[in-house]
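Q: Would you be able to build a 3D model of this:
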Amino acid sequence: MKHLIPFLPKSAYIPVIRLNGTIGTGGRSLNDQALAPLIERAFRKGRPAAVAISINSPGGSAVQSSLIAARIRRLAEEKKVEVHAFVEDVAASGGYWLACAGDRIWVDRSSILGSIGVIFASFGFPELMARQGIERRVVTAGRSKSLADPFLPQKPEDIDRLKALQEPIHAAFIAQVKERRGARLNGEADLFNADVWVGQASVDLGLADGIGHLVPKMKELYGDKVRLVPFGQKRSLFQRLGLAVMQETWGAVEDRALWARYGL
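A: So this is what the prediction gives:
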């Protein structure tokens, strides 16, 4: 396919952006503020023949997923650079939102893709509190201020309110997938029920474009002499010295729960 790319230099330069982890606002998570300098640099440094994104994410924040993907698309269109997304273990929920920032999505035969849906999860402790003789006292201004309070029994009106909040987020996710994947999607399949698919099945449904690993696929498309230059997040001094462990303990538990949904 090399002949299809006009004026390709003998040694094509391709930045590789690694997006590994859950998506959110915490220090451990992928978020637009932390990734912005890295993504900007990858697109603006030199004259890349393309940009490759290596994705391994079970999802997280819908807003951060949208911001990161939008930044990638703005720069790709501004620089007129094609983006290739490579899925490793999983690109689910927000992880698949990120993958859709690619013009082409490549997967391993065992990669997990999809989960095009929205979830709210929490815990409830009302019975435990009652057994311990603990009384919950709540005073609010505004009837929804104590929405989904974990110390109170779950109320049907709370469930209805949460679903009403989720629906526009789900609609935005669906719109993003349809816009980016277009006619490649299988129009007869129910792709937006938060189900997941593996490898070739995701290709057959149009959620991905083919089976392929980053290095051989980039060599196939851009020549054996292609220069793949990694662009990764820099850890803070506290993280490098291991001083942020206590601060990130709860975040690590939440991350572990997201990964565990996919057996990872």
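Q: any low-confidence regions in the protein?
A: Where the chain drops to pLDDT under 70, the residues are 1-10, 27, 117-155, 157-160, 162-164, 233-264.
Q: what's the following helix or strand after the top helix by length along it?
A: In the chain, assigned by DSSP state H, the helix with the most residues is helix 156-181. The element immediately downstream of helix 156-181 (helix or strand, assigned by DSSP states H and E) is strand 196-198.
Q: Contacts for that next one next, please.
A: Contact partners of strand 196-198, identified using Cβ atoms under 8 Å, 6 or more residues apart in numbering, comprise 92, 109-115, 205, 207, 262. For the C-beta atoms, the positions are set from N, CA and C on the backbone; glycine is no exception.
Q: picking up where we left off before, give the buried residues for the longest helix of the chain.
A: Across helix 156-181, burial judged by 16 or more other Cβ atoms under 10 Å covers 158, 170, 173, 176-177, 180-181.
Q: Show me what it is packed against.
A: Secondary-structure packing of helix 156-181 (3 or more Cβ pairs under 8 Å, 6 or more residues apart in numbering; DSSP states H and E): helix 62-79, helix 94-99.
Q: Please enumerate the strands of the stretch 101-250 of the chain.
A: Assignment of strands within the stretch 101-250 of the chain using DSSP state E, counting those that start in this stretch yields the ranges 104-107, 112-114, 196-198, 210-211, 227-231.
Q: ok, now which ones touch the closest residue to residue 56 other than its chain neighbours?
A: Nearest non-adjacent residue to residue 56, counting by Cβ to Cβ, 6 or more residues apart in numbering: residue 88, 4.0 Å away. With Cβ under 8 Å, 6+ apart as the criterion, the residues that contact residue 88 are 20, 54-56, 108, 111.
Q: The helix or strand harbouring residue 88 pairs with which strands?
A: Assigned by DSSP H and E, residue 88 falls within strand 82-92. The partner list of strand 82-92 in its sheet, established with DSSP bridges, is strand 50-57 (parallel), strand 104-107 (parallel), strand 112-114 (parallel).
Q: Now distance to residue 201 too, for the ones you listed, in CSV please.
A: Conversion of the strands paired with strand 82-92 to CSV gives the following (distance: least, Cβ to Cβ, whole Å):
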stretch, distance to residue 201
strand 50-57, 18
strand 104-107, 10
strand 112-114, 9
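Q: Show me the one of those that comes nearest residue 225.
A: Distances from residue 225 to each of these were compared by Cβ to Cβ, and the smallest falls on strand 50-57, at 14.4 Å.
Q: what's the closest one in contact with?
A: Counting by Cβ under 8 Å, 6+ apart, strand 50-57 makes contact with 12, 14-23, 30, 42-43, 72, 76, 81-92, 94-95, 98-99, 101-102, 214, 218, 221-222, 228, all of which sit outside it.
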